[in-house]
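[1] Structure of the sequence below:
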Amino acid sequence: MTAPEFPDQIQLTIHPDLAAKARHLTADTPETRMQAVTAWADWNVTQGEGPFAAGIFDLTDGTCISAGVNRVVSSTCSLAHAEVMAIMLAQQSLKCFSLAEKGRYVLTTSAEPCAMCFGAIPWSGVCQVEYGATRADVEAIGFDEGPKSKTWEADLVERGIQVLGPLGRTKAVAVLQAYARKGGLLYNGGAGT
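    Next up, the predicted model:
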């Protein structure tokens with residue numbers, strides 16, 4: 001048996017069309033930000049990817065700093081969730097590992113963060129999280145959201161991160177259900193999934 005290739009880098013990208021749409025977006029209310037990320041999630045499904053999207057927005061003026069969509073399937077990387085993609089791209093754009101160094105930023109995500117994405121939020125430097133669909137909505141179509149405290153919102157608030165949601169839940173759930181109807185891949189972790 002030959003050894004697999006030993007990688008020395010990871011390449012995670014979002015589609016250039018999505019980057020072009022997001023680059024000039026200004027969304028200065030939670031509702032307009034949620035409309036944008038839910039539309040990105042819907043678009044991502046048409047690209048053969050998962051039904052999730054997120055963005056980092058400047059709370060001062062609503063400027064979109066980054067857009068993230070799930071790239072788990074195409075990147076063969078279980079870490080390529082929308083929230084993580086948005087956080088990484090914003091940090092690269094602003095050239096800092098804590099967004100708080102550069103201003104006040106919000107993570108807007110089409111669904112409540114899973115256990116992994118929740119873990120990334122305190123270190124990202126965002127001061128607010130906005131979400132659409134709930135954990136129950138995501139799990140209803142078959143995704144495993146992982147172990148996360150029932151007090152996750154209070155846990156973030158205790159760290160100075162405000163939480164708003166669910167916002168625009170009806171549309172966010174519609175994207176999830178459309179993904180399920182088309183037989184979208186459930187890329188859950190663990191053996192046999």
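[2] mind listing the helices for the chain?
    Applying DSSP state H to the chain gives helices spanning 16-23, 30-46, 72-75, 82-94, 115-124, 135-140, 152-158, 169-181.
[3] Need the winner for burial among the ones you listed.
    Mean neighbours per residue, mean count of other C-beta atoms under 10 Å, is largest over those for helix 82-94, with a mean of 23. For glycine as for every other residue, the C-beta is placed from the backbone atoms N, C-alpha and C.
[4] Show me what that one is packed up against.
    Counting contacts by 3 or more C-beta pairs under 8 Å, 6 or more residues apart in numbering; DSSP states H and E, helix 82-94 packs against helix 30-46, strand 53-58, strand 64-69, strand 105-111, helix 115-124.
[5] give me that answer again for 7 Å
    Of the remaining helices and strands, those touching helix 82-94 by 3 or more C-beta pairs under 7 Å, 6 or more residues apart in numbering; DSSP states H and E are strand 53-58, strand 64-69, strand 105-111, helix 115-124.
[6] any idea how far the closest residue to residue 132 other than its chain neighbours is from residue 43?
    Using C-beta to C-beta, 6 or more residues apart in numbering and skipping the chain neighbours, the partner closest in space to residue 132 is residue 172 (3.1 Å). According to C-beta to C-beta, to the nearest Å, residue 172 stands 14 Å off from residue 43.
[7] And for residue 91?
    For residue 91 relative to residue 43 (C-beta to C-beta), the value is 23 Å.
[8] One more: residue 32?
    For residue 32, the distance to residue 43 equals 17 Å [C-beta to C-beta].
[9] Out of the helices of the chain, which gets nearest to residue 52?
    Nearest to residue 52, of all the helices of the chain, is helix 82-94, at 4.3 Å by C-beta to C-beta.
[10] what residues does the closest one touch?
    Helix 82-94 is contacted from outside by 12, 14, 52-56, 65-71, 97, 99, 102, 105, 107, 109, 113, 117, 120, 124, using C-beta atoms under 7 Å, 6 or more residues apart in numbering.
[11] Just the buried ones out of the residues you listed, please.
    In the contacts of helix 82-94, burial by neighbour count holds for 14, 52-56, 65-71, 99, 102, 105, 107, 109, 113, 117, 120, 124, counting by 16 or more other C-beta atoms under 10 Å.
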